[in-house]
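Chemist: Have a look at this prediction, sequence included:
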Protein chains: 2
Amino acid sequence: MTIYNFAAGPATLPDQVIKQIQTELPSLRGTGMSIMEISHRSALFDDIINTAQQDLRDLMDIPEDYAVLFFQGGGTGQFAAVPMNLATKHHRIALLDSGHWAAKAGEEAANLGYQVDTLASTKGTHYDRLPARTSTLPVDTYDYLHICTNNTIEGTAYHDLPQTNGTPLVADMSSNIMAQHYNVTDFGLIFAGVQKNLGPAGVTVVIVKKALIQNVDHIPSVFNYQLFAKKNSMPNTPPVFNIYATGLTLKWLKKIGGIEAMEAQNKKKASLLYDFLDQSKLFNNPVKHEDRSLTNVPFMTNDPQTNQAAIADLTAHGLLNLKGHRSVGGLRASLYNAMPFEGVEALVNELYHFEKNL
Amino acid sequence: MTIYNFAAGPATLPDQVIKQIQTELPSLRGTGMSIMEISHRSALFDDIINTAQQDLRDLMDIPEDYAVLFFQGGGTGQFAAVPMNLATKHHRIALLDSGHWAAKAGEEAANLGYQVDTLASTKGTHYDRLPARTSTLPVDTYDYLHICTNNTIEGTAYHDLPQTNGTPLVADMSSNIMAQHYNVTDFGLIFAGVQKNLGPAGVTVVIVKKALIQNVDHIPSVFNYQLFAKKNSMPNTPPVFNIYATGLTLKWLKKIGGIEAMEAQNKKKASLLYDFLDQSKLFNNPVKHEDRSLTNVPFMTNDPQTNQAAIADLTAHGLLNLKGHRSVGGLRASLYNAMPFEGVEALVNELYHFEKNL
């Protein structure tokens, strides 16, 4: 039975990447050592980390005036690191509250002593759409505006970016980085945990405009952008294996045609599922159509027991990890880059049969 | 040619662990998913992280009144996390400066605004021995005393612990955790990056007396001990692969007899090398005998060119990564747990031949 893994993250990785890791495990590039055993101060690892950086630059068309950094600590680590590094003038941040993870970013910054102004929120409608601002952002008031480009739990995504009136835009892109195209130059900073579209959990990519990097003392070294920029992300031992595996996934993405090809594929995958849900008498997706995510699709019936029966039926057919997040309930299919079109076909076929046989 | 990797970290791992990772890569325990693709919210990963915790407890005889936590960010992350969590009363830390990494821990705490008193230092003699305090530690003055149990660069280690007169003892045990026996109850807190004795870089073990865990607000969540203790080290996505691989190494260590057997083996390995160095007319180890490390052995000739020639000769014989740290020069052999006795025999044999043929 073919297994398709619809987990929200850590998530499915390309088969070719898993195979390459397996092949290279006992001895990487003829060294007699595995990737887990090589020094981060070696020429070999320099090549690995520099190649991963360059591939990120190539894929996302990142200009030279942005730094590409690798951290540990995930998105939650960056919820602290971003204000510590960037909110140095006003100590005040604007937030668009589009879901659980946007709100969490605001809570972390507030807990660290920064003023966080939630400009708009769709919490009242269970985050079934993106928040819309009604007024222009005042100039020279906020250090940045924080958004979450894709809301993993609620299934919404920004396909157009909010206007910021000159305020730097900071994006948590953890669940749709490289799944769809964004212009890097529209952002002051992008961060993303790799464990959804780019690799195994344990490394976080930060793409930041160099002009925003401050000399901030008195913050933890492992969150210091200036230090990481100066030391090529290695003031201390980096997560060597995780950066290596991320690098392999970037190579895979380049090979299949980059973000443009990936986005076309992701639209095809998402449309297949949304089209099914929209004609279904049993299942529905609650999200406003123009705000729907390409990568995370929550859906449900009107009955919790039927939801459970559907999950059990899908699991029995090798369609795994489709339980919705507890705050939304129902089901959720995560269709990240490594999920093949055939996986979504198999899912839709089985949902169709489940509905028909009910 | 058999390869032996004497790198200071990331470092050699047991062959059996590498093989098991390779075997389990495409499908872990029949799931059809690799370890990199499973959710940290799954029963499977709960079993993996809980087993790793229990094996740590079993191996180090960690009592119930200590928490065992897994963080990201390495030892450098803990240089910040420890004072943020523990230095809540006096905001004042005592330090024994035994080398580069002890000093770095002090610098990080000082940079974050804590008062750091260096009680003794052997910087003046190039850290060729451990610092000795001449006076008793005053009571109720310091939140803790920081030591580095094994100095990776300089090749010294605490075989007996300093008296603290009731002040909690905090140990950076990154380079000799489970390489020799310590009583956990002698410490308030132990931390260790896994990348020397326990696994692939990207996870840091913290063993902390529960009574020392404070309700500290206003610090980054990813460094909050109370939060990590409450959420079983998973308030956010943990480094799943790295914890899994660490767990396999712990199982390996249990199987070969635990820390007691390991320490006996490590003493045998270290003695073989130190005995050779002490009788050599060409090479010498500069460290005071009773402070010598079991895991890191710096050595050198009187001539930089001869050092380089020795490194080249060893490399040609498959004895890798023996270049000393730039601050010490010469050569350094790291003899962590996964380095077999045969590796040290091969090293000593080749050093003997090099000296003889010079």
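Modeler: Alright, I've got the coordinates. Residues are numbered from 1 along each chain as shown, chains lettered A, B, ... in the order given.
Chemist: I'd say A:T237 and A:S39 touch.
Modeler: No. Using CB atoms under 8 Å, A:T237 is not in contact with A:S39; the gap is 9.1 Å. Every C-beta, even on glycine, is put in place using the N, C-alpha and C of the backbone.
Chemist: what touches both of the two?
Modeler: Residues within reach of A:T237 and of A:S39 at once, by CB atoms under 8 Å, 6 or more residues apart in numbering or on different chains, are B:G9, B:P10.
Chemist: my guess is A:T136 is in a helix, correct?
Modeler: No. Counting by DSSP: H, G, I helix; E, B strand; the rest coil, A:T136 falls outside a helix, being coil.
Chemist: how near is it to chain B?
Modeler: Look at A:T136 and chain B: by CB to the nearest CB, to the nearest Å, they are 33 Å apart.
Chemist: do the same with A:E37
Modeler: For A:E37, the distance to chain B equals 5 Å [CB to the nearest CB].
Chemist: What of A:A316?
Modeler: Look at A:A316 and chain B: by CB to the nearest CB, they are 13 Å apart.
Chemist: How many residues are close by that residue?
Modeler: Counted with other CB atoms under 10 Å in any protein chain shown, residues neighbouring A:A316 total 10.
Chemist: do the one 10 residues further on as well
Modeler: Taking other CB under 10 Å as the neighbour definition, A:R326 ends up with a count of 8.
Chemist: what's the answer for A:E342, then?
Modeler: 11.
Chemist: give me the element it is part of.
Modeler: helix A:341-357 (DSSP states H and E).
Chemist: Would that helix count as contacting chain B?
Modeler: No. Using CB under 8 Å from any CB of the partner chain, helix A:341-357 never reaches chain B; the gap is at least 12.1 Å.
Chemist: buried stuff in that helix?
Modeler: A:G343, A:V344, A:A346, A:L347, A:V348, A:E350, A:L351, A:F354, A:E355 (16 or more other CB atoms under 10 Å in any protein chain shown).
Chemist: measure the third one to chain B for me?
Modeler: The reference is to A:A346. A:A346 is 13 Å from chain B, by CB to the nearest CB.
Chemist: ok, that residue touching A:T2?
Modeler: Yes. Between A:A346 and A:T2 there is a contact at 7.3 Å, judged by CB under 8 Å.
Chemist: any common contacting residues for these two?
Modeler: In contact with both A:A346 and A:T2: A:G318, using CB under 8 Å, 6+ apart.
Chemist: what ranges do the helices span in the stretch 101-250 of chain A?
Modeler: In the stretch 101-250 of chain A, the segments counted as helices under DSSP state H, counting those that start in this stretch are A:225-230, A:240-255.
Chemist: Out of those, which gets nearest to B:G188?
Modeler: Closest approach to B:G188 among these is made by helix A:225-230 (28.6 Å; CB to CB).
Chemist: Need the contact partners of the closest one.
Modeler: With CB under 8 Å, 6+ apart as the criterion, helix A:225-230 contacts A:67, A:69-71, A:81, A:85, A:206, A:208, A:210, A:213-216, A:221, A:235.
Chemist: How is chain A partitioned into domains?
Modeler: Chain A resolves into domains spanning A:4-11+A:258-357, A:15-256 when parsed by the TED database.
Chemist: All set now, cheers.
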